[in-house]
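In: I would like to see how this sequence folds:
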Amino acid sequence: MNVMEKRCLVDVQQLGHVYGTAGGAERRVLDNVCMRLDDGEVVGLLGRSGSGKSTLLRSIAGLISPSVGEVDFPLDAQGLPSSVRMVFQSFALFPWLTVLQNVEVGLEALGVAAPERRRRALAAIDLIGLDGFESAFPKELSGGMRQRVGLARALVVAPDVLLMDEPFSALDVLTAETLRTDLLELWREGCMPIKSILMVTHNIEEAVLMCDRILIFSSNPGRIQREITVDLRQPRHRSDPAFQALVEHIYVQMAGGADSDSPRQGVFAGSDVGMVLPSISSNALAGLIEAVQEQPYQGRADLRELTGALRSSASDLFPVAEVLQLLRLAEMHDGHITLLPAGQRYAQSDVDARKQLFAQQLLKYVPLVSHVRRVLDDRPTRTAPARRFRDQLEDFMSAHDAAMTLDCATQWGRYAELFAYDEVADLFSLDNPS
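Out: The predicted structure is shown next:
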C-alpha cells in the first residue's frame, strides 16, 4: 500500500493513567503517551513488566478509562470510526460453550441473525485452522488451539484493529512459533479482515519478527522511550545478520546503553521508604550473580546471550538485574550486565559471608529495610507489628503495592538475618539476628 493512502486508525494523545484514589495512595502507570496506529502496519509495545503497556492496550480497547488524555478513532470514508477487538493472553473462552458457540458470541452481541452468525463463525474457524473442532469444548483443546479460538472470535466481527496482549506467552515454545508463523502468513496474504495489529510483547525477537514499528516503554511511570522502525522484509529469519543486529540494538536500549535516550533511573517508583519494590527473591538475585560470574562470562555478560543460556526472557531477566543495580552489586550498560566489586565478592563468598554482605547493601541502599531494622533496634521489646509498616507504605502507594513491597523487604531482610518475621502474629522481631 502506498504511504500516502494510509490513514490513521487509532490516535492516542497525551494519555495518562493513575491507579488509586485521588488524595490517597496513587501510582501513575502511564504518563503523556502519544502514538498513532496506521492502516497496514503491525506495531509492538515492548518494555519491562509494569511499564503500562497492557494498560495502554486496555485503554484503546475501551476496557478502562484513562485518567487523562484521549484515544481517538478517526472516521473512514463512510463516516465510521475504527473498530477494535482484543485477544488476551489467558484465552478468555467460555468453558461451557463449544468452539463454534465461543466464536459466535461477539456476533450474537451485535444482533447478527443465527444463519449469518453460523456462516461467518465457520469461516473464521476454518481460517485459523480449527476446521473439524467446531463442536469441541475448550477443555478438549490444547493451549495453542484455545488461543486460535480466541483469535477467531476477534476476527469474526471484522475489526479494523486487532489488539493482542502477549498472545503467545502462555504457550510452549513450539506451539507459540507455529501460531506466530500462521498469523504472519495470514496477515501477509491479506486473508484476515483487519487493517492493523497492535500487540504487547515481552519477547524482543518476537517483536522484531512480527512488527513494522516497535515502541519501547520506560517504567514508573510508563512512557514511550524510543520508537524503532523495522526495515526488514517479510518473511524475516532469525539467522539474518540484520535481524540479529536489530535485536542486539534493542537489548542495548532496554539495558540502558550509551546511545539510549533514557538513563536507567526511576526503575523503582517512589523514593526513600516509599520506593515500590518488585517481587524478586534472594535466590533469583544469587542465581544471576553466579551465572554472570561463571564461565564463559567471568563477571561481564551480554544480556541477550545470557537470556538464551538461562532459557529466560528479557522481561524475566531485567527486573532481577535492576535489583542488583539498586543494591550496587551489578550494573547494566551497552546491553551487558557487569558485576561490581561487591557482586564479585558475593559470588566468591561462603553462605555466611554472602548474608553479611547482602545485609550491608540492604541497609545502605534499601531505605525500607533499614527503617524496619531501626524501629526494631529502638523499641525496648525489639518487636513491631507488620501492619504499622504497611499502613506507612500506603501513604505512598496502593495497598497492593504496599503489601508486595513489604513482602519483598521481609524476604530480603530475613535472608540477610537483619530481622525475623512471624507470619501468624504478623510481627517483626530481632529474635534470630545477633
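In: neighbours of Lys139, just the number please.
Out: Residues lying near Lys139 (other C-beta atoms under 10 Å) number 9. All C-beta atoms are positioned from the backbone trio N, CA, C, and that covers glycine.
In: Is it in contact with Phe94, as I believe?
Out: No: Lys139 is not in contact with Phe94 according to C-beta atoms under 8 Å; the separation is 11.5 Å.
In: Pull up the overlap in contacts between those two.
Out: Contact with both Lys139 and Phe94 is made by no residue, according to C-beta atoms under 8 Å, 6 or more residues apart in numbering.
In: separation between the residue in the chain sticking out farthest from the centre and Leu430?
Out: Here the chain reaches farthest from its C-alpha mean at Pro380, the gap being 44.4 Å by C-alpha atoms, centre = their mean. To Leu430, Pro380 is 11 Å away according to C-beta to C-beta, to the nearest Å.
In: any low-confidence regions in the stretch 251-400 of the chain?
Out: Applying pLDDT under 70 to the stretch 251-400 of the chain flags residues 256-271.
In: If we use 50, what do you get?
Out: Where the stretch 251-400 of the chain drops to pLDDT under 50, the residues are 257-266.
In: quick one, strands of it?
Out: Under the criterion DSSP state E, counting those that start in this stretch, the stretch 251-400 of the chain contains strands at 300-302, 330-333, 336-339, 383-385.
In: In the first one, which residues are buried?
Out: Looking back up the chat, that one is strand 300-302. Going by neighbour count (16 or more other C-beta atoms under 10 Å), the buried part of strand 300-302 is 301-302.
In: Determine how far stretch 225-238 lies from the middle of the whole chain.
Out: The chain centroid and the centroid of stretch 225-238 are separated by 20 Å, computed with C-alpha atoms, centre = their mean, to the nearest Å.
In: Sorry, wrong one. I was asking about stretch 277-292.
Out: Worked out by C-alpha atoms, centre = their mean, stretch 277-292 lies 18 Å from the chain centre.
In: Now do that stretch: everything it contacts.
Out: Taking C-beta under 8 Å, 6+ apart as the rule, stretch 277-292 contacts 50, 268, 297, 299-301, 306, 309-310, 317, 319-324, 327, 329-330, 337-339, 343, 346-347, 354, 358, 366, 368, 404-405, 407-409, 411-412, 415-416.
In: likewise stretch 225-237?
Out: The contact list for stretch 225-237 (C-beta under 8 Å, 6+ apart) reads 47, 184, 188, 208-209, 211-218, 240, 242-243, 246, 249-250, 253, 260-262.
In: Quick one: mean pLDDT over it.
Out: Here stretch 225-237 scores 90 as its mean pLDDT.
In: what's the span of that stretch from first residue to last?
Out: This stretch, stretch 225-237, spans 26 Å end to end (C-alpha to C-alpha, to the nearest Å).
In: Three-state assignment for the residue positioned nearest the centre of the chain, please.
Out: In the chain, the residue lying closest to the centroid (C-alpha atoms, centre = their mean) is Ser49, at 3.3 Å. What DSSP: H, G, I helix; E, B strand; the rest coil gives for Ser49 is coil.
In: So for it, what's the pLDDT?
Out: 71.
In: List the contacts of the residue nearest to it when sequence neighbours are not counted.
Out: Of all residues not flanking Ser49 in the chain, Ser315 sits nearest, at 5.7 Å (C-beta to C-beta, 6 or more residues apart in numbering). Ser315 makes contacts with 48-49, 202-203, as judged by C-beta under 8 Å, 6+ apart.
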